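A.B. asks: Below: sequence and its predicted model.
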There are 2 protein chains.
Amino acid sequence: MIPTKEEVVATYNRVKPFVHQTPVITSSLLNSLAGADLYFKCENFQKMGAFKMRGAINAIQQLSDDQKNTGVVTHSSGNFAQALSLAAKNLGVKAYIVMPSNTPQVKKDAVLGYGGIITESQPTLAAREKEANRIQSETRATFIHPSNNTDVILGQGTAAIELLQKHPDLDCILTPVGGGGLIAGTALAAHYLAEKCQVIGSEPFEADDAWRSLQTGKIETNETTNTVADGLRTNLGNINFPIINKLVAQIIRVEETEIAAAMSLIWERMKIIVEPSSAVPLAAVLKKKAFFKNKKVGIIISGGNVDLKNLPF
Amino acid sequence: MIPTKEEVVATYNRVKPFVHQTPVITSSLLNSLAGADLYFKCENFQKMGAFKMRGAINAIQQLSDDQKNTGVVTHSSGNFAQALSLAAKNLGVKAYIVMPSNTPQVKKDAVLGYGGIITESQPTLAAREKEANRIQSETRATFIHPSNNTDVILGQGTAAIELLQKHPDLDCILTPVGGGGLIAGTALAAHYLAEKCQVIGSEPFEADDAWRSLQTGKIETNETTNTVADGLRTNLGNINFPIINKLVAQIIRVEETEIAAAMSLIWERMKIIVEPSSAVPLAAVLKKKAFFKNKKVGIIISGGNVDLKNLPF
């Protein structure tokens, strides 16, 4: 069930020409605040502004020619809707995106700008799935799940591969945990390609399904999703959870005030725009300073798509 | 009067170990909006968050040992106060900073954080100069002007030297124009080290002293300073004006709404935090598309120190 080293390496070579090799940034001020050496892998500078481009590219690349001809479909109101639209456009494939009718116009415009074909649904999961099913039957498009899909997971792991190429001696890599695609892909990359690199998840107390899933050994759902980190409100899935359960060292939970403070530090000190979800790993490092002391710590900055008129600080 | 090529090159070698070699970023979306190839030299990632670090380092390096022992003094409420404080600290020199009593606490804290010794004055130019004079007589500290000082000008030019090393075939480089140090230094660098690279200034209509100075051939003062680009409200000086008058091709003026729109584009599309002054060159390029069409255009992003609670969009 768990992808092999050969699949991890093949994914990297396949995805590489279609994504930016994003920079790794350091900050001496944040290092001294944390008491550790932090290496920020800046997927906010990725095409469409988030790591999700990687998984979307890989998932479409792995389709048969017949599948490519009939297109792809997903339901998402967030970064994956934009990622699948742009990846499909860049690979010459049609993308059907089911978006809830209450999606902000700015997010619809982004999808349209990348060439996605939007269908609106009622804003419930059942309605979204029904609409996606209808499109699948009518168009024979292939459904691509935003996080619970092996090719998506493998694609997301390529950010960590690039980070480890530059810094092979990292003690650990932290990611935020939403649907589980990023952390599962990162865990595969570190497992096969690093000597001793732990992968550590971070999530809000307000959406701590992954932390509880690792406690019980089965997929738990969120009891609350009242978090500013809007990318992290989703649950793990049956494809990524076995990888996470086997390969992730621990998950650290943080408070909402800690997320806002970490986001503010990144904006003010590193001068880069990151979305709230991207600040969760730094919040975790600053919360557990004793654990991270003097370690070399990689952090995946997941994305930079944020509403500038609605900042949490 | 105008510094030589040897001085320009010697400054680069002297300053280099004490500043970040900041990255040059491109954006395919902004290129397609502009119809030109834009290369953004990101001095918002410079130490203390602005290009002013370069001039401050060079000015202190050029002091005699006796002068270094007695320290430096300036009056500034902006980036140069922070730059001189940090440069002095890094070179083991005392920095006395005269700041108007109405300076926001956050700016005082930044100077204190970099080890600057603050003296408050009444918020008039006369009071600031009087206080700086008093400190000079009492401490024998050397006065360093933020922009009208040959060593400061030469130091600011090192950003353009780095940019030209990466992209020797630029058709032009744009900078914002405030006190004139950055554009004068950039013009010297391009004059001596590039084949055919024009240097073009950009400033708000609301603070267009440099544009008018080039029209009349003498230093003009601002009639209004009602601009969001708070770093550009100052006037040129007798040391930098002859360089600007001789070596700058033209100055383009832009409206306040154009500055805010360009700033918003940089934040949303490039995912980097820049101050309003840094958006003025992009506003100029977007205003004069026919002139810049298909050209290779360097843009100095001057800094990223901005009040996140008071954005112009």
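C.D. replies: Cool, got the structure.
A.B. asks: Please, where are all the strands along the stretch 201-313 of chain A?
C.D. replies: Taking DSSP state E, counting those that start in this stretch, the strands of the stretch 201-313 of chain A run over residues A:250-254, A:296-301.
A.B. asks: Go through the ones you listed and pick out the most buried.
C.D. replies: Most buried of the strands of the stretch 201-313 of chain A by mean neighbour count (mean count of other C-beta atoms under 10 Å in any protein chain shown) is strand A:296-301; its value is a mean of 26. (Each C-beta comes from the backbone N, C-alpha and C, glycine too.)
A.B. asks: Domain boundaries for chain A, per the record?
C.D. replies: Segmentation of chain A into domains, based on automatic domain parsing, reads A:5-50+A:150-301, A:53-143.
A.B. asks: So which of those domains is the most surrounded?
C.D. replies: domain A:5-50+A:150-301 (a mean of 21).
A.B. asks: quick revisit: of all the strands of the stretch 201-313 of chain A, which one is nearest A:Thr26?
C.D. replies: strand A:296-301 (10.4 Å; C-beta to C-beta).
A.B. asks: partner strands of that closest one, parallel or antiparallel?
C.D. replies: Strand A:296-301 pairs in its sheet with strand A:37-42 (parallel), strand A:172-176 (parallel), by DSSP bridges.
A.B. asks: Output it in PDB, but only the C-alpha positions, please.
C.D. replies: Extracted as PDB, the C-alpha positions of strand A:296-301 are listed here (Å, rounded to 0.1, in the frame of the first residue of the first chain):
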ATOM      1  CA  LYS A 296      18.200  21.900  11.900                       C
ATOM      2  CA  VAL A 297      14.500  22.300  11.200                       C
ATOM      3  CA  GLY A 298      12.900  22.300   7.700                       C
ATOM      4  CA  ILE A 299       9.500  24.000   7.500                       C
ATOM      5  CA  ILE A 300       7.300  23.800   4.400                       C
ATOM      6  CA  ILE A 301       5.600  27.100   3.800                       C
END
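A.B. asks: pLDDT of it, averaged?
C.D. replies: For strand A:296-301, mean pLDDT is 98.
A.B. asks: on that earlier part again, would you mind giving the domains of chain A as TSV with distance to B:Glu256 added?
C.D. replies: As requested, the domains of chain A are arranged in TSV below (distance: least, C-beta to C-beta, whole Å):
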stretch	distance to B:Glu256
domain A:5-50+A:150-301	22
domain A:53-143	24
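A.B. asks: residue contacts, the closest residue to chain B within the stretch 151-300 of chain A?
C.D. replies: In the stretch 151-300 of chain A, the residue that lies nearest chain B is A:Lys271 (3.8 Å; C-beta to the nearest C-beta). If you count contacts by C-beta atoms under 8 Å, 6 or more residues apart in numbering or on different chains, A:Lys271 has them with B:Asn44, B:Phe45, B:Gly49, B:Ile272, B:Ile273, B:Val274, B:Gly304.
A.B. asks: hang on, A:Arg212 packs against A:Ile219?
C.D. replies: No: using C-beta atoms under 8 Å, A:Arg212 is not in contact with A:Ile219; the gap is 9.5 Å.
A.B. asks: and A:Val93, what are its phi and psi?
C.D. replies: Main-chain torsions, A:Val93, degrees, to the nearest 10: phi -130, psi 150.
A.B. asks: ok but A:Ile97 is inside a helix, no?
C.D. replies: No: per DSSP: H, G, I helix; E, B strand; the rest coil, A:Ile97 lies outside any helix segment and is strand.
A.B. asks: check contacts around the closest residue to it other than its chain neighbours.
C.D. replies: Of all residues not flanking A:Ile97 in the chain, A:Gly116 sits nearest, at 4.4 Å (C-beta to C-beta, 6 or more residues apart in numbering or on different chains). Residues in contact with A:Gly116, defined by C-beta under 8 Å, 6+ apart, are A:Ala81, A:Gln82, A:Leu84, A:Ser85, A:Ala88, A:Ala95, A:Tyr96, A:Ile97.
A.B. asks: export the residues you listed to a markdown table and tack on distance to B:Val199?
C.D. replies: Below are the contacts of A:Gly116 laid out as a markdown table (distance: C-beta to C-beta, whole Å):
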| residue | distance to B:Val199 |
| --- | --- |
| A:Ala81 | 43 |
| A:Gln82 | 38 |
| A:Leu84 | 44 |
| A:Ser85 | 40 |
| A:Ala88 | 43 |
| A:Ala95 | 44 |
| A:Tyr96 | 50 |
| A:Ile97 | 46 |
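A.B. asks: Name the nearest of those relative to B:Glu195.
C.D. replies: Nearest member of those to B:Glu195, counting by C-beta to C-beta, is A:Gln82, at 41.0 Å.
A.B. asks: so how far is B:Asn222 from the closest one?
C.D. replies: Relative to B:Asn222, A:Gln82 is positioned 43 Å away (criterion: C-beta to C-beta, to the nearest Å).
A.B. asks: how far away is the closest residue to A:Gly157 other than its chain neighbours from A:Gln82?
C.D. replies: Nearest residue to A:Gly157 in three dimensions, chain neighbours excluded: A:Gly185, at 2.9 Å (C-beta to C-beta, 6+ apart). Using C-beta to C-beta, A:Gly185 is found at 19 Å from A:Gln82.
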